[in-house]
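Trainee: need coordinates for the below:
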Amino acid sequence: MNKFVLLFLVLFLGLGIVLAQELTLDPEKFVNTQIAADTLADGIQAHSVYKVESGTYYAFDGALDVDFDLVIEGPYNGWIFYDATPPVFFQTPSNEGAQRDMINLNQGGSVTLKNILLTGLHPNDVNISSFVRNFAGYKIVWDNCAFSDHRDHCTRSTGATEEITITNCVFINGDRRGGSPFGGMPYRLDAACANLTFENNTVVNSGRLLGNGGNFFTSKMHEIHNSFLNQQVNGHEQHWFEGIQANNIFYNWSWRGRTANTNGYEAYFTTWEYFVDVENKLDSLALYNGRNLFYLEPAFTDYYHDVLADSVFPCLLWNLDIDSTILADDNFTIGKSYGDFDPMFTDNPSQIDSMLGWVYANWVTKADYSDWRITPPVTWNEDGTPNLNWPPDWDLSYSQSYLKTAGTDGLPLGDLNWFPDDKATYLANRDAYIAALQDSIANATDVYIPGDAASALITPSMVSIKNLDLATPDKFYLANNYPNPFNPTTKIAFKLAKTDKISMKIYDITGQLVKTVFDNKKYTAGTHEVTIDMSKHSSGVYFTVLNNGSQELVRKMMLIK
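Mentor: A predicted model of the protein is given here:
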């Protein structure tokens, strides 16, 4: 029976699409060639699902054009991070050695990827630009996949899309080694997307984080329970009709820093302030952003001060023009988030020295950029054979007990795949959790107050006293002050392993004593907190010194008036 007769029978019997739903791809043939050839009359695909096998490499030798519903699916062996033998996809370079993307999504097309690892590192060490370029497709669904070593965007949409859903995925090395950091992101939207979900994902090392392009509204967007580690510039552009950003971890966010003349994309997000004076525009907006964690390792702020002579500063959460947006629209709500609170990851893969070297090149030399990537999941030998470096040897579960119940849902912040029992709880109650977040758009009470930057964050002092015993073993310990920078008061917590007489003094940057908080005062074993008032002192860098007679602890703080 030829394929035309078969097609006629299928359509005549009203079965819609061909009965043979699945085809197992041959690893000895190029993926794009096989799928492009798997068609019946009038371009209808003979199969709707393409299966692949564990521990097997699959290669493209050019971009696959898709105007149908494409599904590529590997076997489910639990979360992809722990799957030791995932199916691996890679793209070969062009004859000239240039990069090539994997999939071009065209009119009428969709792409679903499940349980596979995709590397953007070509065998000649050139990086893929995008795994999926969406020109006019209507849907992108990725679940339980790993994407690594891409140059620009894992996916970029330049055509309107009905749905983008990305869940349980791992993104590694958005590769912005040199030059501009404004790329290397999981996704970018340059056109409307009706529904966008980014949930329970881990992103390690990205240039910019997530992006939209242009002054237009795009989507209903939910960004919930993700772990973001090491973003050079944070750069969310906010163009969503309904935006919910909650229960995420942003660790070493915007570590590139900013100068006095920049902010923009370095901030956590930009806003709709350009719509404030446009009639009826804001009435269509709804946002809840809250209960996220923002943490920048002290190594960066120390480097900005000690090496870059305070010419570079930590980034702001947002442009202060956001105040006018909040005041103009009751449905635009920023809930409080957590700041300067280290989750204490089980095994942090950050290459801090290389990251600091990149910062120096970015702001000073404009050359000799450090390679701050972590080990790519797939590397290549000189003869073109691959090495699979998987599963990764790092672990973003964490020991900070307070953060394990700090979400709006009472669950751990960040990607819940690191806490599987909590993820099961989340999935069982997800509809209720989402409904509560949507209610917070209008009814949240613990919120940022326009004009009061300090009100945006939940300070460690609110939580550190009750959790410092759990966060630190029995030892003499001095926490970072908060807020920092501050004006004119700040709080600082400390812990004693035993009852002791201690002193706390403040010194300026020249080493001169400027304030004695207390001297030779007896404190019992346990955690304590004091408030430091610097209202009589000028702006500048100061050092808090805690001394018990045999050991001295120092924390740097900055007063800005």
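
Trainee: so what's the residue nearest in space to the middle of the chain bridging to?
Mentor: Centroid-nearest residue in the chain, with C-alpha atoms, centre = their mean: Phe228, separated by 2.9 Å. Residues in a beta bridge with Phe228, per DSSP bridges, are Val203, Phe250.

Trainee: pLDDT at it, what is it?
Mentor: pLDDT, Phe228: 96.

Trainee: again with Leu189
Mentor: 86.

Trainee: could you measure from it over to Thr161?
Mentor: 8 Å (C-beta to C-beta, to the nearest Å). Just so you know, the C-beta spots here come from the backbone N, C-alpha and C atoms, and that holds for glycine as well.

Trainee: looking at the two, which has the bigger crowd around it?
Mentor: Leu189 (28 against 25; other C-beta atoms under 10 Å).

Trainee: that one and Thr155 touch, don't they?
Mentor: No: using C-beta atoms under 8 Å, Leu189 is not in contact with Thr155; the gap is 9.3 Å.

Trainee: joint contacts of the two?
Mentor: Shared contacts of Leu189 and Thr155 (C-beta atoms under 8 Å, 6 or more residues apart in numbering): Ile164.

Trainee: now do the longest helix seen in the chain, average pLDDT.
Mentor: When the chain is parsed with DSSP state H, its longest helix is helix 430-443. For helix 430-443, mean pLDDT rounds to 88.

Trainee: that helix - contacts with which helices or strands?
Mentor: strand 219-224, strand 240-246, strand 286-290, strand 332-334 (3 or more C-beta pairs under 8 Å, 6 or more residues apart in numbering; DSSP states H and E).

Trainee: and that helix, which residues are buried?
Mentor: Buried positions in helix 430-443, judged by neighbour count with 16 or more other C-beta atoms under 10 Å: Tyr433, Ile434, Leu437, Ser440, Ile441.

Trainee: show the backbone phi and psi for the nearest residue to Thr158 once chain neighbours are set aside.
Mentor: The spatially closest residue to Thr158, leaving aside those adjacent along the chain, is Asp190, at 4.7 Å (C-beta to C-beta, 6 or more residues apart in numbering). The phi/psi pair for Asp190 (degrees, to the nearest 10) reads phi -110, psi 10.

Trainee: test my guess that Asp190 contacts Ser157.
Mentor: Yes: if you go by C-beta under 8 Å, Asp190 and Ser157 touch, sitting 6.4 Å apart.

Trainee: and the helices in this structure?
Mentor: Going by DSSP H, the chain shows helices at 3-12, 31-37, 298-306, 322-328, 352-360, 420-428, 430-443, 464-471.

Trainee: ok, Gln34 - how many residues close by?
Mentor: Going by other C-beta under 10 Å, the residues that sit close to Gln34 add up to 16.

Trainee: domains in the chain, as residue ranges please.
Mentor: What automatic domain parsing lists as the domains of the chain is 3-436, 459-559.

Trainee: ranking these by burial, who's on top?
Mentor: Neighbour counts (mean count of other C-beta atoms under 10 Å) averaged over each of the domains of the chain peak at domain 3-436, with a mean of 19.

Trainee: on that earlier part again, how close does the residue nearest to Thr158 get to Thr155?
Mentor: For Asp190 relative to Thr155 (C-beta to C-beta), the value is 11 Å.

Trainee: mind putting the buried residues of helix 430-443 into a markdown table with distance to Thr333?
Mentor: Converted to a markdown table, the buried residues of helix 430-443 look like this (distance: C-beta to C-beta, whole Å):
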| residue | distance to Thr333 |
| --- | --- |
| Tyr433 | 17 |
| Ile434 | 16 |
| Leu437 | 10 |
| Ser440 | 7 |
| Ile441 | 6 |
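
Trainee: which two among the residues you listed are spaced furthest apart?
Mentor: Farthest-apart pair in the buried residues of helix 430-443 is Tyr433 and Ile441; separation 14.2 Å (C-beta to C-beta).

Trainee: which residues touch the residue nearest to the centre of the chain?
Mentor: Here Phe228 is in contact with Val203, Ser206, Leu209, Asn248, Ile249, Phe250, Tyr251, Trp253 (C-beta under 8 Å, 6+ apart).

Trainee: the nearest residue to the second one once chain neighbours are set aside bridge partners, please.
Mentor: Taking C-beta to C-beta, 6+ apart, and ignoring the residues beside it in sequence, Ser206 has Gly174 as its nearest neighbour in space, at 3.8 Å. When bridges are assigned using DSSP bridges, the partners listed for Gly174 are His150.

Trainee: please report how far the nearest residue in space to Gly178 that is not next to it in sequence lies from Asn362.
Mentor: The spatially closest residue to Gly178, leaving aside those adjacent along the chain, is Tyr369, at 4.0 Å (C-beta to C-beta, 6+ apart). Relative to Asn362, Tyr369 is positioned 7 Å away (C-beta to C-beta).

Trainee: thought His236 was touching Leu210?
Mentor: Yes: His236 is within contact range of Leu210, at 5.4 Å (criterion: C-beta under 8 Å).

Trainee: which residues are common contacts for the two?
Mentor: By C-beta under 8 Å, 6+ apart, no residue touches both His236 and Leu210.

Trainee: contacting residues around Phe89?
Mentor: Val31, Tyr57, Tyr58, Ala59, Phe60, Ile72, Met102, Ile116, Leu117, Leu118, Thr119.

Trainee: give me the pLDDT value at the residue nearest to Ser206.
Mentor: pLDDT recorded at Gly174 is 93.

Trainee: Pro460 now?
Mentor: 49.

Trainee: roughly how far apart are Leu209 and Phe269?
Mentor: On the measure of C-beta to C-beta, Leu209 and Phe269 end up 9 Å apart.

Trainee: I meant Thr510, not that one.
Mentor: 39 Å.

Trainee: now do Phe241
Mentor: When Phe241 is compared with Phe269 (using C-beta to C-beta), they lie 16 Å apart.

Trainee: please apply the same query to Ala246.
Mentor: Taken as C-beta to C-beta, the span from Ala246 to Phe269 is 13 Å.

Trainee: now do the shared contacts for these two.
Mentor: Shared contacts of Ala246 and Phe269 (C-beta under 8 Å, 6+ apart): Asn289.

Trainee: quick one: low-confidence ranges for the stretch 201-350 of the chain?
Mentor: Where the stretch 201-350 of the chain drops to pLDDT under 70, the residues are 211-218, 235, 237-239, 263-265, 270-285, 319-321, 329.

Trainee: cool, the stretch 401-550 of the chain as well?
Mentor: The stretch 401-550 of the chain contains residues with pLDDT under 70 at 453-454, 459-474, 484-485.
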